[in-house]
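Participant: make a model of this:
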Amino acid sequence: MELQKMNGHSREDGFDGLDAMAEHEEFLPHKTGVKKEMHFTDFEGKTSFGMSIFNLSNAIMGSGILGLAFAMSNTGIILFLILLLSIAVLSAYSIHLLLKCAGVVGIRAYEQLGNRAFGAPGKMLAGCVITIHNIGAMSSYLFIVKSELPLVIQAFLGKHENTGEWFLNGNYLIMIVSALIILPLALMKELGYLGYTSGFSLSCMVFFLISVIYKKFNIPCPLDIGHHNVTPTDSHALINATDFCEAKLITMNSQTAYTIPILAFAFVCHPEVLPIYTELRDATKKRMQAVANVSILAMFCMYLLTALFGYLTFFGAVESELLHTYSKVDPLDVLVLCVRLSVLVAVTLTVPVVLFPIRRAVLQILFPEKPFHWARHIIIAFCLIVIVNILVIFVPSIRDIFGLIGATTAPSLIFILPGIFYIRIVPEEQEPLMSRPKVQSACFAAVGFIFMTMSLSFIIIDWVTGESRSGGGH
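Facilitator: Purely as a prediction, here's the structure:
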């Protein structure tokens, strides 16, 4: 997916309203006598509405779902619901801004929107933010593979401990998974083809949700802590068990401040929006917005149900990684083992979807005028996977790095860049600088700066004080 023809109508061709342009924008060449400007892709989208929903939902869904129950325990049910709903609505609005920008200039590449708004610096900024964010997301997925896959294999072999065989070494396993599964999927030419794997990946996460709901009614509370793998130094073991079984509607503690960046990170799908838009059949702004709205609504429901039933299962005893909490109850539980396996499949199949925007960003920065070439396509994918593998293998703990990435790139992709792109790209003759849409966009970008400042401040405070933090990935 390389070059796309810009719609033949320019701003001087007589379109009088943004809404009219957006609704009639088909991104297909019209015979107007105006020279077509080449852009990102040069083919008509063939991906169905349903497959596009699968791809975008899979881009939204990430490992962060495992930490949402812990987030709810640190905010309370009502406050969590308010925050989750707010982030979901704001994410849908930011996609609306991106689609309007794309409709104005006929571009469906995030980096090219940056180029249109701020020239080469804007293009570099967008490309770098997308690359850093998605490399962090890919690394978080492969870290799950590195830590969980040996345990799954160990359980299937009936081993009670890791005896050091090569097939129980997480470093070897991620290289095998990358070579046999991730790389072949990443070599596909079009993102739309991954709709089938995205659908299967989402099915795995639905199984995870069903299991969380089922376990709520099969695990008593308070937990018999003395019976489980909780060491005497475990912080949960030092708390009165009666505190575990009380659902709090609103609560505040030292971990509450991390809920907003965790939730924001969990809804980041914006680098994938425009490529999915490009490959959508009968593409219009209204149709793509419907894809985004359905995807965000579906993920909102999954996030809320997972957090709610996970929290109501363990209450105060819930850990930052939900699967670990189930392991405390029964390490040999067959259902939990199956859930681990399904989560592994889900995150593995998500990696190629996340890789596509990184490759596109690299192509836009290094080879903006080059046509599609298989060698370039393959080499970039191979190099990206090698880089991510090296990070996962040689960096012992990148929780702080992920926190830093999540605190900077997530607000940038959701709030800041869509807001400032809209202000710069939409012509002032159509919407003056002080018009309501542009004022809203400016406020939207300001919210992103506030979120970024808050998140970075809390991370720096934790680094200085040495306090432990809850983890949360996309």
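Participant: going by C-alpha atoms from here, please, whenever you check contacts or count neighbours.
Facilitator: Fine.
Participant: contact partners for the closest residue to residue 419 other than its chain neighbours?
Facilitator: Counting by Cα to Cα, 6 or more residues apart in numbering, residue 419 lies nearest to residue 441, which is 4.5 Å off, once chain neighbours are set aside. Each residue near residue 441 by Cα atoms under 8 Å, 6 or more residues apart in numbering is listed here: 418-420, 422-423.
Participant: between the two ends of stretch 185-196, how far is it?
Facilitator: By Cα to Cα, to the nearest Å, the extent of stretch 185-196 from end to end equals 11 Å.
Participant: A strand includes residue 158, no?
Facilitator: No - with DSSP: H, G, I helix; E, B strand; the rest coil as the criterion, residue 158 is coil rather than part of a strand.
Participant: output the helix or strand hosting residue 379 as PDB, nothing but the C-alphas.
Facilitator: In the assignment (DSSP states H and E), residue 379 maps to helix 374-394. This file holds the C-alpha atoms of helix 374-394, laid out as PDB (Å, rounded to 0.1, in the frame of the first residue of the first chain):
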ATOM      1  CA  TRP A 374       8.600  -6.200  -2.400                       C
ATOM      2  CA  ALA A 375      12.300  -6.200  -1.300                       C
ATOM      3  CA  ARG A 376      11.800  -2.900   0.600                       C
ATOM      4  CA  HIS A 377       8.600  -4.100   2.100                       C
ATOM      5  CA  ILE A 378      10.200  -7.400   3.400                       C
ATOM      6  CA  ILE A 379      13.400  -5.800   4.600                       C
ATOM      7  CA  ILE A 380      11.700  -3.100   6.700                       C
ATOM      8  CA  ALA A 381       9.400  -5.700   8.300                       C
ATOM      9  CA  PHE A 382      12.300  -8.100   9.100                       C
ATOM     10  CA  CYS A 383      14.400  -5.200  10.600                       C
ATOM     11  CA  LEU A 384      11.600  -4.000  12.800                       C
ATOM     12  CA  ILE A 385      10.900  -7.500  14.100                       C
ATOM     13  CA  VAL A 386      14.600  -8.000  14.800                       C
ATOM     14  CA  ILE A 387      14.800  -4.600  16.700                       C
ATOM     15  CA  VAL A 388      11.800  -5.500  18.800                       C
ATOM     16  CA  ASN A 389      13.200  -9.000  19.600                       C
ATOM     17  CA  ILE A 390      16.500  -7.400  20.700                       C
ATOM     18  CA  LEU A 391      14.700  -5.000  23.000                       C
ATOM     19  CA  VAL A 392      12.600  -7.800  24.600                       C
ATOM     20  CA  ILE A 393      15.600 -10.100  25.000                       C
ATOM     21  CA  PHE A 394      18.300  -7.700  26.300                       C
END
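Participant: next one: that helix to chain centre, how far?
Facilitator: 20 Å (Cα atoms, centre = their mean, to the nearest Å).
Participant: that one - contacts with which helices or strands?
Facilitator: Applying 3 or more Cα pairs under 8 Å, 6 or more residues apart in numbering; DSSP states H and E, we find helix 374-394 packed against helix 120-156, helix 170-177, helix 183-186, helix 334-366.
Participant: in TSV: those, plus mean neighbour count.
Facilitator: Compiled in TSV, those are given as follows (neighbours: other Cα atoms under 10 Å):
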stretch	mean neighbour count
helix 120-156	21
helix 170-177	18
helix 183-186	20
helix 334-366	22
